[in-house]
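A.B. asks: what shape does this take:
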Amino acid sequence: MRKLLLGLSAALTVFSTPLQAIPDRVGDFALLDTEGEFHQFSRYRYQDALVLMAFDTACDNQQALQQFRQAASDQADRPLSFALIEAGTEADIDAIRQARSTAAADLPVLIDDGQLVSQTLGLSRSGEIVVLDPQRLSVMYRGPVGSQSAEVLNAEFVGTAEDTVVVAASDGCALEYPEQQRHMAEVPDYGTEVAPIIVEQCASCHREGGIGPFAMDSHLMLQGWSPMIREVLLTKRMPPTQVDPYVGHFDNARYISPGDMQKLVHWIDAGAPRGTHPVDPLAEVEHVDMKSWRLGEPDYIVEAPTHEIPATGVLDYINVNIPLEFDEDKWVRAVQYIPGDEAVLHHLLTYVTPPTGNFEGGEADTSGVARRFLEGYAPGKVDPIEFPENTGVRIPAGYQLSLQFHYTTNGRATTDQTKLGLYVYDEPPAHENFTRSVASMFIIPPHERDHEVEASYTFEEDVVVTGLRAHMHFRGKDMQFFAEYPDGRMEQLLNVPNYSYAWQPTYQLSDPAQLPAGTRVHVTGSFDNSEYNPANPDPGKRLTFGLQSWDEMFIGYWTYHANSGGD
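C.D. replies: Numbers count the residues shown, from 1 in each chain. A predicted model of the protein is given here:
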């Protein structure tokens, strides 16, 4: 991520007399920029300040941009980062990218497509800036570029800034927040507007016995947790989509629209009112029984051995072979995992293997060999997996299933006996599914904030890619998947800008990618091994490949089948 250093010139004009106030705490937030990079306020703690300027593609921003750039070059040795934030109401992503290429090529442009961050920061006009303190998650200055903002930045640099300084901005186009105004006049209704969003986006995990840390099963629960809900929405932790919505489209990504985000946040800001509905819609929700076979009774049910999980400690990966004793080839069209205790089963990988030979475990294989990978259970995989039409995983006669279990203790001793339901074709499908791991070895130095890694592989035959999955551990920061076609054209298929070890489904492409023979696929990404990564268990550790979560991995999984010309 390119960082520019900012110092604001004291020679610029003061626009009005400043007002003194107590520090204005705004809390954490996160936005993507036009290049698909993830920016989270709290992760700028390695800098003294983050400075944002309101930008509106519908407004002439040239004078303010010139002042902003000049200020940056005046004192370029300060540990300060700055960027633009698109705060207008009309701009779409293409317009923002065009504006960046013509007017703001040297500045990151953050996409605030629901205006929630701009609104939270109190931005009122294009060209207005905010000086943000990442340590205190506070606004220390709001107003135009000028001598007063320079003084605040100097105070931030020496550690003496105490109060928020507000200077009235008079230039630039006025920013309007029509949805905020509408929701202030008429608060979104809990029963008909808020609760349906919760049911669609949240309740399947946030239910009694689910993987969410609390159940969203009543208005009272929602209201009580509303400050946290607001924060995880603004930091993009929830819904745990991870994918960049401007790159491709995926059937199983949990996209949430800017309109739904605005309804939830504005309802919370209004005090999360209950309304007058006699029946609480969330209390009436009937959840799908996660212990039931969602596609009907499977053709074959495979029961794994029972595993005893202690309350505390670290468990090695458990590899189990289960004979199937099929006397003829079987083609699997769908599979469902029912974990015995989803609270401790972090992931389970399932491979189709010969009856003899040493199975070393799926994630230990970094050679990039395509294997008969059946499927896996991981955080976020709560639904049955149905393979694309007329494709399936072949289980040759006499082969077995090799299962790799990874458990994490949670303070409570328990047992897990996971079941697999296999749904098979009556007749063989046209295509066999394969999964290829594209991986590389690496060494991550201690305290490294942005360590880049890449891997690649060339397909020697025509293939159709149907699914992609990123896999790293706690230091994983981001991962991108590209196809480099034989004619030299490069296409980005998936961007995971804010990787989370706790949520790693296989993303199913809505439009499978047709890759001709000779296509080279690339997986690029980065790790954050610094103390600024809140998930990092030990920033002082030198890291390389390892199976346990405190070690690291870098694997991009490509699910595909051969393209015989009929796709």
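A.B. asks: Met261 belongs to a helix, doesn't it?
C.D. replies: Yes. Using DSSP: H, G, I helix; E, B strand; the rest coil, the secondary structure at Met261 is a helix.
A.B. asks: local confidence estimate at Leu4?
C.D. replies: Per-residue pLDDT puts Leu4 at 33.
A.B. asks: next one: the one 4 residues further on
C.D. replies: Leu8 is assigned 35 on the pLDDT scale.
A.B. asks: could you do the one 4 residues further on as well?
C.D. replies: In the prediction, the pLDDT value recorded for Leu12 is 31.
A.B. asks: spatially nearest residue to Leu132 (excluding sequence neighbours)?
C.D. replies: Of all residues beyond its chain neighbours, the one nearest Leu132 is Leu50 (4.5 Å), with distances taken as CB to CB, 6 or more residues apart in numbering. All C-beta atoms are positioned from the backbone trio N, CA, C, and that covers glycine.
A.B. asks: where in the chain is pLDDT low?
C.D. replies: 1-22, 75, 90-91, 357-371, 379-382, 565-567 (pLDDT under 70).
A.B. asks: domain ranges for it?
C.D. replies: As given by automatic domain parsing, the domain ranges for the chain are 19-176, 179-284, 300-431, 435-562.
A.B. asks: among the ones you listed, which is nearest Arg294?
C.D. replies: Arg294 sits nearest to domain 300-431 of all those, at 5.0 Å, using CB to CB.
A.B. asks: I'd like the distance from that closest one to the chain centre, please.
C.D. replies: Centroid separation for domain 300-431 versus its chain: 25 Å, with CA atoms, centre = their mean, to the nearest Å.
A.B. asks: first-to-last residue distance for it?
C.D. replies: Criterion CA to CA, to the nearest Å; first-to-last residue distance in domain 300-431 is 21 Å.
A.B. asks: related to what we said a few turns ago, the domains of the chain into a markdown table, with extra columns for distance to Ser292 and mean neighbour count?
C.D. replies: Below are the domains of the chain laid out as a markdown table (distance: least, CB to CB, whole Å; neighbours: other CB atoms under 10 Å):
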| stretch | distance to Ser292 | mean neighbour count |
| --- | --- | --- |
| domain 19-176 | 36 | 19 |
| domain 179-284 | 13 | 17 |
| domain 300-431 | 8 | 17 |
| domain 435-562 | 20 | 18 |
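A.B. asks: how far away is His266 from Phe474?
C.D. replies: 34 Å (CB to CB, to the nearest Å).
A.B. asks: also Val165?
C.D. replies: Taking CB to CB, one finds Val165 at 38 Å from Phe474.
A.B. asks: which ones are touching the residue minimising distance to the centre of the chain?
C.D. replies: The centre of the chain sits closest to Gln242, judged by CA atoms, centre = their mean, with a distance of 2.0 Å. Contact analysis of Gln242 by CB atoms under 8 Å, 6 or more residues apart in numbering lists 253, 470, 496-500, 503.
A.B. asks: quick one: the helices in this structure?
C.D. replies: 62-74, 93-103, 116-121, 147-158, 178-185, 195-201, 219-224, 226-234, 258-269 (DSSP state H).
A.B. asks: what packs against the fourth one?
C.D. replies: Other elements packing on helix 147-158 under the criterion 3 or more CB pairs under 8 Å, 6 or more residues apart in numbering; DSSP states H and E are strand 49-55, strand 80-86, strand 129-133, strand 138-143, strand 164-166.
A.B. asks: out of those strands, nearest to Ala272?
C.D. replies: strand 138-143 (24.2 Å).
A.B. asks: and the angle from the closest one to helix 147-158?
C.D. replies: 160 degrees (axes from the mean of the first three to the mean of the last three CA atoms, to 10 degrees).
A.B. asks: number the residues from 12 up from this point.
C.D. replies: Shifting the count to begin at 12 puts that one at strand 149-154.
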